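Enquirer: Return atomic coordinates for the entry below.
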Amino acid sequence: MENSNGLHDFVNYLDDEDVYSSLEKYWMDIFFMWLHQENIEGSDWICPYYNTTFSNGKK
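Expert: Model prediction:
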């Protein structure tokens with residue numbers, strides 16, 4: 001999800017399940033990239049820590 005500036009565009013994350021999933025993945029990628037930069041073992045972390053799906057499988 002990129003806008004015309006080449007930046008990530010997650011404006012509609014509350015209305016679009018695909019955008020929400022992309023935003024969730026983006027934050028997870030940023031988190032693990034930071035762990036890697038700090039030489040912290042990623043397997044020590046539970047990620048995602050919470051479940052963002054409803055019982056019917058929708059986000």
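Enquirer: now the nearest residue in space to Leu35 that is not next to it in sequence: how far from Asp9?
Expert: Closest residue in space to Leu35, ignoring its immediate chain neighbours: Gly42 at 5.0 Å, by Cβ to Cβ, 6 or more residues apart in numbering. Using the backbone N, CA and C atoms, a C-beta is placed for each residue, glycine as well. Counting by Cβ to Cβ, to the nearest Å, the separation of Gly42 from Asp9 is 27 Å.
Enquirer: cool, His36 as well?
Expert: 25 Å.
Enquirer: can you check Ile30 too?
Expert: Applying Cβ to Cβ, the value for Ile30 to Asp9 is 16 Å.
Enquirer: Can you pick out the residue with more neighbours from the two?
Expert: Using other Cβ atoms under 10 Å as the criterion, Ile30 and Asp9 rank with Asp9 on top: 15 against 10.
Enquirer: Distance of the more buried one relative to Met28?
Expert: 18 Å.
Enquirer: swap in Gly57?
Expert: 19 Å.
Enquirer: quick one, which of these two is more surrounded?
Expert: Shown here are Gly57 and Met28; by other Cβ under 10 Å, Met28 has more neighbours (12 against 6).
Enquirer: Please name the spatially closest residue to the more buried one (chain neighbours excluded).
Expert: Distances taken as Cβ to Cβ, 6+ apart place Cys47 nearest to Met28, at 6.0 Å, with adjacent residues excluded.
Enquirer: Fine by me, we can end here.
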